[in-house]
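Asks: Sharing a model that was predicted from the sequence below.
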There are 4 protein chains.
Amino acid sequence: MYSFKNDYSEGAHERILKILSSTSLEQNIAYGEDIHSNKAKEYIKQLIQRKDLDIHFMVGGTQTNLVAISSFLRPHQCVISAETGHINVHETGAIEATGHKVVVAPGKEGKLTPEAIQAVLDKHGDEHMVQPKMVYISNSTELGTIYTKAELVALSKICRRNNLLLYLDGARLASALTAQTNDLEMKDIGELVDAFYIGATKNGALLGEALVICNDNLKEDFRYLLKQKGAMLAKGFVVGIQFEALFQDNLYFELGAHANRMANQLAVVIKDYGYKFYAEQCTNQIFVIFPNDIVDKLSRKFSFEIQDKLDEENTLIRLVTSWATSQESVDAFCNYLKNIKDIY
Amino acid sequence: MYSFKNDYSEGAHERILKILSSTSLEQNIAYGEDIHSNKAKEYIKQLIQRKDLDIHFMVGGTQTNLVAISSFLRPHQCVISAETGHINVHETGAIEATGHKVVVAPGKEGKLTPEAIQAVLDKHGDEHMVQPKMVYISNSTELGTIYTKAELVALSKICRRNNLLLYLDGARLASALTAQTNDLEMKDIGELVDAFYIGATKNGALLGEALVICNDNLKEDFRYLLKQKGAMLAKGFVVGIQFEALFQDNLYFELGAHANRMANQLAVVIKDYGYKFYAEQCTNQIFVIFPNDIVDKLSRKFSFEIQDKLDEENTLIRLVTSWATSQESVDAFCNYLKNIKDIY
Amino acid sequence: MYSFKNDYSEGAHERILKILSSTSLEQNIAYGEDIHSNKAKEYIKQLIQRKDLDIHFMVGGTQTNLVAISSFLRPHQCVISAETGHINVHETGAIEATGHKVVVAPGKEGKLTPEAIQAVLDKHGDEHMVQPKMVYISNSTELGTIYTKAELVALSKICRRNNLLLYLDGARLASALTAQTNDLEMKDIGELVDAFYIGATKNGALLGEALVICNDNLKEDFRYLLKQKGAMLAKGFVVGIQFEALFQDNLYFELGAHANRMANQLAVVIKDYGYKFYAEQCTNQIFVIFPNDIVDKLSRKFSFEIQDKLDEENTLIRLVTSWATSQESVDAFCNYLKNIKDIY
Amino acid sequence: MYSFKNDYSEGAHERILKILSSTSLEQNIAYGEDIHSNKAKEYIKQLIQRKDLDIHFMVGGTQTNLVAISSFLRPHQCVISAETGHINVHETGAIEATGHKVVVAPGKEGKLTPEAIQAVLDKHGDEHMVQPKMVYISNSTELGTIYTKAELVALSKICRRNNLLLYLDGARLASALTAQTNDLEMKDIGELVDAFYIGATKNGALLGEALVICNDNLKEDFRYLLKQKGAMLAKGFVVGIQFEALFQDNLYFELGAHANRMANQLAVVIKDYGYKFYAEQCTNQIFVIFPNDIVDKLSRKFSFEIQDKLDEENTLIRLVTSWATSQESVDAFCNYLKNIKDIY
């Protein structure tokens, strides 16, 4: 049974595996200070078109978020997140476990707005409440939507005006930046946010995320935090090599674009049949509402995540494509949907 | 220049890389609940000869220690460690960052004794001090020494008598259990400690440690802690596959034995020339005292860690071998030492 | 200018001050193990009609909440609170600072319902989210409302059925239990909740809260937590003496009843003039909506808290009475309101 | 039986109690922003001869230490303490519970030296270890000894040279500054340390410590930390009034001098009989070594703390005097010792 459950079911892209093998008996410097990690950082800086960036490799989104946020905030400061934000719902209180409250603001299809942030600021005035100091967003969001450049500029403005740090979770940044409707570039992100991470676990690597710190004030002693939180790999080069492979040529974006292409094909067919989307599809996650019996039939041939029973008759499911999704499996899904739909 | 700096300079053993490649396009269940992880756990249980074990894979020693210890202790409880213990000196306060004091007891060549533990217990009587609840040991220790079965039995006894948990850090367990003077088996450890981890980062894997929880009381909800501390990999199978490869046949122990063999050869030659060891060599770490000029000359051809300037004339260095150390590099070191010694 | 800002503007009731003076040169045992603390605990146990209670004295609500909650929960567990709950809004993230997420549920006039709790449980299924383990309520609530016995029984039931601890913040318990519409007794609370605290800072003492632990499982080693969080007073008897004074006769409830009586008089007059209440007045906090010009005029003679600008013309204010509120000041307020109202 | 167990057995000095009573029905602003707290702060600033000080009142030493240290340090930073330091032994891991390691250095009679600090700095070089950032000292120390001005200057120098904060725990500062051999003034402390606290719980108040922040960099947002850790009293004026009473005239120092005088009388007699002191007596704590049978006899008439069984025949005890110790009880002790000694 083919799975559209998530974008982390497969191992790594063959070009990555090949380099891991070919470099395996090299002796590399430990703890991320090796030449592969350094080269990977150079590639990323070129892409962002800034030299004054600190880049640190980690191995998962929750880890990256908790290390970064706990390093950037003082104990009384909180981070503002959309209610759907990964740090708010699906990290088992990782941020709170480092001592910081996640203050929730209403999102629009998973995206935060300046108005929502302002409303939080208006309510937080003195030392009897936590102090808002950071805004957390994800791109693409947990609902698969993306920020336009104008939206990110607006968030950046309200943050800078209010002395708030802007942090972007890029677990699915490849898919976001290669979406058809995207108008953001890596360079824009480097200018508009204080820190963000480039996710590779969900885009071709065995595991790996690259935290990029743009704001000078946040750079000091970051490696201490990495180590303290168990996020500094002895063999840091294992992640460095993978980022080198992803960014030495265009592989990172090729893989993101492939995932989007596969999702778009699914979405077109689903739309043609008149099913409704829960949030606009533009990246590799599709949130779609099917009648229960269609869900039942689909689940005999494909696996995917049931998100919610919306009412007696309809179910919200999530279909996810990835760098590894084959044209055959997408075709199979579309044909199968056609078949059951035609009968139905 | 060949490096004897540590046992994490190379990537992974070729058999591990091969399986990572051959399974790469499989779709596996996420978050460590895949069939490879399950098989690996079965192999480990067979080795320990117990079925009632909970096993969790993580990606580094500091991470494993901090997740386990923070899960096992209540906020007012402390862990007792030798002063040389990794959690005490080289984890950037990772344990304290989870809220727990590390209480230090004097070690003998890196090993804790029942007497040292008793002395800590004698001093900790009431709620004005932290409550001793766990004993942390490593095998092999940070000085390369190993616990005999009798020693581990004695530690286990004092712990059980005093309601203390016994936790063993097995970052270098392969090397410990394949040492010539070793009389401990995996099975013994499974009986004598409450939890321990089997390190693979330093023994052939790209990265990976297997935490084994033996004590039923410590098992509940552990996966929540894994997730909260950023230690649950989306692609858990990446570690599971590597442990499967290490334990489906005898690879784990073969690699440990190889590292020890290489170290023993170095030690024999060093000893023959009359140099003193800082701690008894029996595993893959050699702590040896050389005159400064020998250290200077050695460092032109080989890299290694300077541990301490012991006095005006002598320096303590550490030489480490690994699964990847070649016979050629050991021979080269021995010959070079012979040459400079003969001239000297 | 007379203040209706809060119930902690004055020092202590004269009977309390007198005993503090008369016992001042006694030599008492330190850290809360003195005879006054013990007597106070006996009085409280008699009132609750249970002997198997552990009682600990602390000096403020935030302190009591954070010590109790961090003692009772494991790291991955959260506490459910109404959005208006003190721990959620006005403790500067004190609970999160001990590592625990506060999960918010919608309240009705500040009160939690079984339905709201059930909805939280329904959404929290696995280790990717925090684990609900405790329900936090306050009585009276932050909006001055109180729980009926039937409501508390219902909460207790859903908690026990779902292995949730029920914790009651009694910062204003005196006022709650002496409200005209109250049908709860101290004994009921002792049966229905797992732990609660009896607030005295807002009811006649210089400072002091008595945490009552009813559930045996929560009692072990609590004094360690007290000490660790800086909540164990060297001169614990200073609080013990005050609780002795409050509970050796009926002083605690007399003072609560007085505060309510003063509030009721204010509320009757306000209601007579047709102003609306934001929440039903039954205890010593009155949340009332006035036209802006009435607020302006009132604020020339009395101080109180502006809660919210509800719209262009109306403002929500809070008036608080206490054990120390004099009949004269209540009369003055009522007369003044009459005057400006008549002119208006 | 008279107790020399500690300096927190009695309530408060009568002048303090009187003011607490006379101000009790005043309506004061909450949370420490009242006029009494402000006046007390003015008195303290005059004494230190600096206007640019932030002063915050708290209610105990452990609380003050944990709030200050957790506010001043980033997560990876540690505090250096003598092994006898209160934060290291008798605060139940309060500092570690806020995430920070306490790194121990050997003390001389409870006092830290520049050499001991330098040795810690020499061992802490990179991100694999915690980063030394603060030095914790107490004056008087836990062994009753005091720092000379020259010693404090030397500590201040090494701290400033190495970017370390110097923090002084003044739980018994009154006794230290009124010791016969003391040459430090409050003004010196204000110049030489980054923050310190003035203890009153052990010197005449019901409870209360005044944290004085001298270093501008440490001042920002401190009230948030106060609140978050449960250390901000609703009735902050209860502590403010006591400090006002202690510092509006010379009461604070009178009480400290009295305690020292009582201790000196005890020490003179003990010395005359040839008993040895464990540390030099100069303040209100006496650490003296008695033969076991003397200890037995003394303990029939007086209570005190047994510190240690030094050997088969001798016991180390601690005698503590305070602001409340009467001449009669000191005379009684001296006479009784004379009697049993003469018989003996």
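Replies: Thanks, I have it.

Asks: next SSE after whatever helix or strand A:Lys187 lives in?
Replies: Per DSSP states H and E: A:Lys187 is located in helix A:186-192. Sequence order places strand A:195-199 as the next helix or strand after helix A:186-192, per DSSP H and E.

Asks: average pLDDT for that following strand?
Replies: Averaging pLDDT along strand A:195-199 yields 98.

Asks: How about stretch A:121-131?
Replies: 97.

Asks: Pull out the buried positions in that stretch.
Replies: A:124, A:127-131 (16 or more other C-beta atoms under 10 Å in any protein chain shown). For every residue, glycine as well, the C-beta is placed using N, CA and C.

Asks: Among those residues, which one sits closest to B:Cys214?
Replies: A:Val130 (40.7 Å; C-beta to C-beta).

Asks: The closest one contacts A:Val103, correct?
Replies: Yes: at 6.8 Å, A:Val130 and A:Val103 qualify as touching, with contact defined as C-beta atoms under 8 Å.

Asks: tell me, what's touching these two both at once?
Replies: Common neighbours of A:Val130 and A:Val103 (criterion: C-beta atoms under 8 Å, 6 or more residues apart in numbering or on different chains): A:78, A:124.

Asks: count of neighbours near the residue in the stretch 151-300 of chain A that chain B sits nearest to?
Replies: Among the residues of the stretch 151-300 of chain A, A:Gly230 lies closest to chain B, at 3.0 Å counting by C-beta to the nearest C-beta. The local packing of A:Gly230 (other C-beta atoms under 10 Å in any protein chain shown) involves 27 other residues.

Asks: before we move on, back to that, now the helix holding A:Lys187: how far from the chain's centre is it?
Replies: 16 Å (C-alpha atoms, centre = their mean, to the nearest Å).

Asks: what sits up against it?
Replies: A:47-50, A:53, A:139, A:149, A:152-153, A:155-156, A:166, A:168, A:170, A:177, A:196, A:212, A:214.

Asks: Buried only: go through the residues you listed for me.
Replies: Buried among the contacts of helix A:186-192 by 16+ other C-beta under 10 Å: A:47-48, A:53, A:139, A:152, A:155-156, A:166, A:168, A:170, A:177, A:196, A:212, A:214.

Asks: Of those, which pair is most distant in space?
Replies: Greatest spatial distance among the buried ones among the contacts of helix A:186-192 (C-beta to C-beta): A:Leu47 and A:Leu155, at 21.5 Å.

Asks: List the buried residues of stretch A:49-69.
Replies: In stretch A:49-69, counting by 16+ other C-beta under 10 Å, buried: A:53-69.

Asks: and what of stretch A:69-86?
Replies: Buried-residue list, stretch A:69-86, by 16+ other C-beta under 10 Å: A:69-82, A:84-86.

Asks: got it, and stretch A:297-317?
Replies: A:297-298, A:302-304, A:314-317.

Asks: rewinding a little: just give me the closest of the buried residues of stretch A:121-131 to C:Ala245.
Replies: A:His128 (29.4 Å).

Asks: from what I can see the closest one touches C:Asn88, true?
Replies: No: in this structure A:His128 lies outside contact range of C:Asn88 using C-beta under 8 Å: 12.0 Å.

Asks: hang on, isn't A:Ile270 packed against A:Ile289?
Replies: No: at 9.9 Å, A:Ile270 does not count as touching A:Ile289 under the criterion of C-beta under 8 Å.

Asks: Overlap of the contact sets of these two?
Replies: Residues touching both A:Ile270 and A:Ile289 by C-beta under 8 Å, 6+ apart: A:Phe277.

Asks: quick one, what contacts the residue nearest the centre of chain A?
Replies: The residue lying closest to the centre of chain A (C-alpha atoms, centre = their mean) is A:Ala171, at 2.1 Å. Neighbour list for A:Ala171: A:61, A:86, A:138, A:197, A:199, A:201-202, A:209 [criterion: C-beta under 8 Å, 6+ apart].

Asks: In strands only, show me those residues.
Replies: Counting by DSSP state E, the contacts of A:Ala171 place A:138, A:197, A:199, A:209 in strands.

Asks: Off-centre distance for stretch A:118-132?
Replies: 28 Å.

Asks: meant to ask about stretch A:336-344, not that
Replies: Using C-alpha atoms, centre = their mean, the offset of stretch A:336-344 from its chain centre is 33 Å.

Asks: What distance do you get for the residue of the stretch 151-300 of chain A closest to chain B to C:Lys5?
Replies: 48 Å (C-beta to C-beta, to the nearest Å).

Asks: Say whether chain B is contacted by the helix ranked longest in chain A.
Replies: In chain A, taking DSSP state H as the definition, the longest helix is helix A:251-272. No: applying C-beta under 8 Å from any C-beta of the partner chain, one finds helix A:251-272 separated from chain B by no less than 13.7 Å.

Asks: tell me the mean pLDDT over the next helix or strand after that helix?
Replies: Next along the chain after helix A:251-272, taking DSSP H and E as the criterion, comes strand A:276-277. Per-residue pLDDT over strand A:276-277 has a mean of 96.

Asks: Over to stretch A:87-102?
Replies: In the prediction, stretch A:87-102 has an average pLDDT of 98.

Asks: Output that stretch as PDB, restricted to C-alpha atoms.
Replies: The C-alpha trace of stretch A:87-102 is given here as PDB (Å, rounded to 0.1, in the frame of the first residue of the first chain):
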ATOM      1  CA  ILE A  87       5.600  24.500  18.600                       C
ATOM      2  CA  ASN A  88       2.100  25.000  20.000                       C
ATOM      3  CA  VAL A  89       0.600  21.700  19.200                       C
ATOM      4  CA  HIS A  90       3.000  19.000  18.100                       C
ATOM      5  CA  GLU A  91       6.200  19.300  20.000                       C
ATOM      6  CA  THR A  92       5.000  17.900  23.400                       C
ATOM      7  CA  GLY A  93       5.600  21.200  25.100                       C
ATOM      8  CA  ALA A  94       9.200  21.400  24.100                       C
ATOM      9  CA  ILE A  95       9.300  25.100  24.300                       C
ATOM     10  CA  GLU A  96       7.600  25.200  27.700                       C
ATOM     11  CA  ALA A  97      10.000  22.600  28.800                       C
ATOM     12  CA  THR A  98      12.800  25.100  28.300                       C
ATOM     13  CA  GLY A  99      10.700  27.600  30.400                       C
ATOM     14  CA  HIS A 100       9.000  29.700  27.900                       C
ATOM     15  CA  LYS A 101       5.300  30.200  27.300                       C
ATOM     16  CA  VAL A 102       3.900  29.900  23.800                       C
END
